[in-house]
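Undergrad: turn this into a model:
(3 chains)
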Amino acid sequence: MPRPLPSKFFARSVHEVAPDLIGATLLFKGVGGVIVEVEAYHHTDQAAHSYRGRTERNAVMFGPPGKAYVYRSYGVHWCLNFVCEREGSASAVLIRALEPARGLAAMRRRRGVKNERLLCSGPGRLCQALGISGAHNGLALDRSPFKLLARTTKLKVAVGSRIGISKATKHPWRYGLAGSRYLSKPFR
DNA sequence: TATGAGATCAACT
DNA sequence: GTTGATCTCATAC
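TA: This next block holds a predicted model:
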């Protein structure tokens, strides 16, 4: 049986937490699936929201680890992050894609697409599929409505450069399940 | 298959 | 006024 991730899990470097999240199960109100793609962001990283210091939007990133940081992207989409390390270090892991496993009907209804592959393959898509919005910014990840289950098997984690950013594009801080059909983009 | 516009909000110049 | 941790739809190849 899979066990819940302890909140301690997040109290480490984002570069340790991010690859360890691949294969874990993320549920929100019982709906979700297996995490297959994430990206790491750190306050010393020019591409991170926290790079230029604390603002009203990114305040949760500067708080304690084990919380959800949800922000609006391009004015339309919501994106989900897990805050890591320790209070004040302002680092987080962006959840980019899931392999759908639970609550497929609810996800399809919210997304308005039939293709299972398009349900959660992208940060904006997975928030829409799970019903996550700015109202959930700052919630603890080890309590309802979130549920996180540790992976049960060893697996190979692919590494690559991050997507959709224009600064610090060289850092190999994108992690994913190699060969998964549910990635927002394949690794090469 | 590939490229481009539009949606629409917060932070920054 | 511009840009961005995005996605969808339309149009072109």
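Undergrad: any idea how far A:Glu56 lies from A:His49?
TA: Using C-beta to C-beta, to the nearest Å, we find A:Glu56 at a distance of 12 Å from A:His49. Heads up, the C-betas are built off the backbone N, CA and C, glycines and all.
Undergrad: who's more crowded, these two?
TA: A:His49 (19 against 5; other C-beta atoms under 10 Å).
Undergrad: count of neighbours near the residue nearest to the more buried one when sequence neighbours are not counted?
TA: Distances taken as C-beta to C-beta, 6 or more residues apart in numbering place A:Asn58 nearest to A:His49, at 4.5 Å, with adjacent residues excluded. As a burial measure, A:Asn58 scores 20 neighbours (other C-beta under 10 Å).
Undergrad: what's the answer for A:Arg52, then?
TA: Neighbours of A:Arg52 using other C-beta under 10 Å come to 10.
Undergrad: spell out which parts of chain A neighbour DNA strand C.
TA: With C-beta under 7 Å from any atom of the strand as the criterion, chain A meets DNA strand C at residues A:39, A:41, A:47-50, A:58, A:61, A:69, A:71, A:73-77, A:79, A:81, A:92, A:94, A:111, A:113, A:118, A:122-126, A:162-167, A:184.
Undergrad: would you list every one of the strands in chain A?
TA: For chain A, the strands defined by DSSP state E cover A:25-28, A:31-41, A:68-73, A:77-84, A:91-102, A:146-149, A:157-160, A:174-177.
Undergrad: in CSV: the ones you listed, plus mean pLDDT and mean neighbour count.
TA: Putting the strands of chain A into CSV (pLDDT from 0 to 100; neighbours: other C-beta atoms under 10 Å) gives the following:
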stretch, mean pLDDT, mean neighbour count
strand A:25-28, 98, 22
strand A:31-41, 97, 26
strand A:68-73, 97, 19
strand A:77-84, 97, 23
strand A:91-102, 97, 24
strand A:146-149, 97, 20
strand A:157-160, 96, 16
strand A:174-177, 96, 24
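Undergrad: can you pull the contacts of the closest residue to A:Pro64 other than its chain neighbours?
TA: Leaving aside its sequence neighbours, A:Pro64 sits nearest to A:Glu87 (C-beta to C-beta, 6+ apart; 4.7 Å). Residues near A:Glu87 by C-beta atoms under 8 Å, 6 or more residues apart in numbering: A:Phe62, A:Gly63, A:Pro64, A:Pro65.
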